[in-house]
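> I would like to see how this sequence folds:
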Amino acid sequence: MSFQAAVLKLNSPVKDLVVAFTENGTRHIGEAEKDQKEVVKWIEKAARPDVASEANVQKLNTTLTPRTYLVNNTLSAADVAIYGALHPYYSKLQPLYYYATPSLTRFFDHIQYLPSVRSSGAAFSTIAIDVEDAPTLERKAEPPKKKEKKSQAAAAAAVAENATPAPVPSYASSATPASAQKAQKTEKKEKKKKEGSGEQSGKKAANVPAADDGEPVPSMIDLRIGKIVDIMKHPDADSLYVEQIDFAEEAGPRTVVSGLVNYIPIEQMRDKLLVGVCNLKPANMRGVKSFAMVLCATSKDGKEGGIELVRPPEGAKPGDRVYFEGADFENAQPLPQLNPKKKIFETIQPGFTTLETREAAWVNPATKSAHKIRTKDGVCVAPTFVGASLS
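Take a look at the predicted model:
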């Protein structure tokens, strides 16, 4: 079945929404032929009278647990059709039952606030869903096992070491679950012990921050290369862009809101590679939740002097790690999420600048030593600014 034929099966408000969102079937219908067929299948499902039946709602929740979007983890007409078809269901649902299907609720809430969806479907009112009240998914501890013989225990340990852990779904949060943080801390401590005992002779042990209770250091900040794959102006704020930025994550692109409309034309933003700050706490920006921050250089003369994107080095690609030069920082792992109360980014940011070479760096306020911001391919730079501040 063709895309147009599938859309004709939708109820009128949903059909109008999908037609407007895809600009009459010219965009967001899948790049590859395989994706296009998958989009059509989901639109057919959205057209079924039983799309919101208990069984289908549970199936959708399971499907969306490891995903952000339905087809190839990219926003498409499939997502918008399912959102529109489920709108009557969610509009009548009591808030108490939102989190019976947390992954589906997270998906619905994400889609309904996308500017491209809101501008396409005036008939679909937004439904207030407080994601902060979502229940935490708990992992129950296994009952203690009887002691095994030494050979059996060793064999079991070998199997466990090589096994791939099952993914644990989370609800609209960029923070790592507490149990996962504990496991990470234990692993890092063990690694540090091995390095200190001489297993890596001649190499300095990596300075890996296990918690945010120490002095703030720049390596606590999670910087990564991203690429803008979609961008539009915020429907409710003239100075804001809403971008979809690919950081090469399994969950798909992140929604990011940036106050750059008055400084960088939208044509200069499209398809650009950039540096993103990826472990800030998600924040609502005029009704749209932002899940990262674009790192920009502001002229030493202030915003009036201009703002430009920090440019990754040649050869960089989405998902590449960005780090600070220096033995204390190069091998350190960033925190899963910066605690806003600790003001870690705010403490480090005043040292962010561009050198005489326009290279991005953090200057230690105590030692005045410059630590360049780089990837494995080279140093990140500002296109034109010297002595700029980065934020």
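> so where do the helices sit in this protein?
Listed from the start of the chain, the chain has helices (DSSP state H) covering 3-8, 12-21, 33-47, 54-64, 77-92, 102-112, 115-118, 150-162, 178-196, 344-348.
> chain center to stretch 311-331, what's the gap?
The gap between the average C-alpha position of stretch 311-331 and the chain average comes to 18 Å, counting by CA atoms, centre = their mean, to the nearest Å.
> what average pLDDT does that stretch get?
Confidence over stretch 311-331, taken as the mean pLDDT, stands at 95.
> measure it end to end?
For stretch 311-331, the first and last residues are 22 Å from each other (CA to CA, to the nearest Å).
> need the contact list for residue 326.
Under the criterion of CB atoms under 8 Å, 6 or more residues apart in numbering, the contact partners of residue 326 comprise 369, 371. Using the backbone N, CA and C atoms, a C-beta is placed for each residue, glycine as well.
> same question for residue 257.
The neighbourhood of residue 257, defined by CB under 8 Å, 6+ apart, consists of 234, 240, 241, 242, 243, 285, 286, 288, 290.
> ok, now with 10 Å
115, 234, 237, 240-243, 283-294 (CB atoms under 10 Å, 6 or more residues apart in numbering).
> count the neighbours of residue 11 for me.
Residue 11 has 14 neighbouring residues, counting by other CB atoms under 10 Å.
> you'd agree it is up against residue 43?
No: using CB atoms under 10 Å, residue 11 and residue 43 do not qualify as a contacting pair, with a distance of 11.8 Å.
> where does pLDDT dip in the protein?
Of all residues in the chain, those with pLDDT under 70 make up the ranges 96, 130-213.
> regarding it, what is its longest strand?
strand 223-233 (DSSP state E).
> and that one, which strands flank it?
Here strand 223-233 is paired, per DSSP bridges, with strand 241-246 (antiparallel), strand 273-277 (antiparallel), strand 321-324 (antiparallel).
> re the thing from before, so what sits against both of residue 11 and residue 43?
Between them, residue 11 and residue 43 share these contacting residues under CB under 10 Å, 6+ apart: residue 85.
> am I right that residue 292 is in contact with residue 277?
Yes: in terms of CB under 10 Å, residue 292 counts as a neighbour of residue 277; the distance is 6.2 Å.
> between the two, which one's more packed in?
For residue 292 against residue 277, the residue with the higher neighbour count under other CB under 10 Å is residue 292, and the figures read 24 against 21.
> any idea how far the more buried one is from residue 330?
As for residue 292, its distance to residue 330 is 22 Å (criterion: CB to CB, to the nearest Å).
> need the contact list for the residue nearest the centre of the chain.
Central residue check for the chain by CA atoms, centre = their mean: the C-alpha nearest the mean position is that of residue 254, 4.1 Å away. Residues touching residue 254, when contacts are defined by CB under 10 Å, 6+ apart, comprise 68, 174, 226, 243-247, 276, 278, 282, 289-292.
> for the nearest residue to residue 293 once chain neighbours are set aside, which residues make a bridge with it?
Taking CB to CB, 6 or more residues apart in numbering as the measure, residue 293 lies nearest to residue 277, with 4.2 Å between them; neighbours along the chain are not counted. Per DSSP bridges, residues listed as beta-bridge partners of residue 277: residue 223, residue 293.
> residue 277 reaches residue 258, doesn't it?
No: counting by CB under 10 Å, residue 277 stays clear of residue 258, with 11.3 Å between them.
> between these two, which contacts overlap?
Overlap between the contact sets of residue 277 and residue 258, as judged by CB under 10 Å, 6+ apart, is given by 292, 293, 294.
> was I right to think the second one contacts residue 310?
No: the pair residue 293 and residue 310 does not pass the contact test of CB under 10 Å, sitting 11.4 Å apart.
> more neighbours: the two, which one.
Higher neighbour count among residue 293 and residue 310: residue 310, with 24 against 18, using other CB under 10 Å.
> that one and residue 225, how far apart?
10 Å.
> mutual contacts of those two, please.
Counting by CB under 10 Å, 6+ apart, the shared contacts of residue 310 and residue 225 are 274, 275, 276, 322, 380.
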